[in-house]
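Q: Sequence first, predicted model second:
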Amino acid sequence: MNAASLDFDDDAIEIAFPPRFSYGERVVARSVVRNDGTYSGRDIGELLVNKGEIGYVIHINTFLQQFYIYAVDFVESGHRVGMRARELCTLDNLPDDVLQRLGDKAGMLRLLGSATP
């Protein structure tokens, strides 16, 4: 069993496995991200990242010696936010079965957001 196949809950020790994403990897936000009070200079509840926005992993850290936190630079909004793996989806390292299901759309996906950060 590998980390990518696990759906971590809040009691799991996520850092017992390698990080799910790597530095420079293109990822997509799986949901809207609002300021929870940890993003300085913005009001609590203010929209930081839209669902589907493309970003790049720029740093990987841990929280409470339990979870990986991925610092993601979202180019469109200009925000850099910390996110958990469950809040992100890769664009660069999709499994072969997913690429096969995408068919011709997989080629378009490679071009999507391919400009360097």
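A: Happy to help now that I have it.
Q: From residue 18, how far off is residue 64?
A: Note on residue 64: its distance to residue 18, by CB to CB, to the nearest Å, is 18 Å. All C-beta spots, glycine's among them, are computed from the backbone N, C-alpha and C.
Q: With residue 46 instead?
A: 33 Å.
Q: what's in contact with stretch 65-76?
A: Residues from elsewhere that reach stretch 65-76, judged by CB atoms under 8 Å, 6 or more residues apart in numbering: 8, 12-15, 19-21, 27, 29, 48-50, 53-63, 79-85, 88, 113, 115, 117.
Q: list the buried ones in it?
A: 67-72, 74 (16 or more other CB atoms under 10 Å).
Q: Skipping adjacent residues, who's closest to residue 34 in space?
A: Spatial nearest neighbour of residue 34, chain neighbours left out: residue 45 (5.3 Å); criterion: CB to CB, 6 or more residues apart in numbering.
Q: Which per-residue confidence value corresponds to that neighbour?
A: pLDDT for residue 45: 91.
Q: what about it, how many residues close to it?
A: 9 (other CB atoms under 10 Å).
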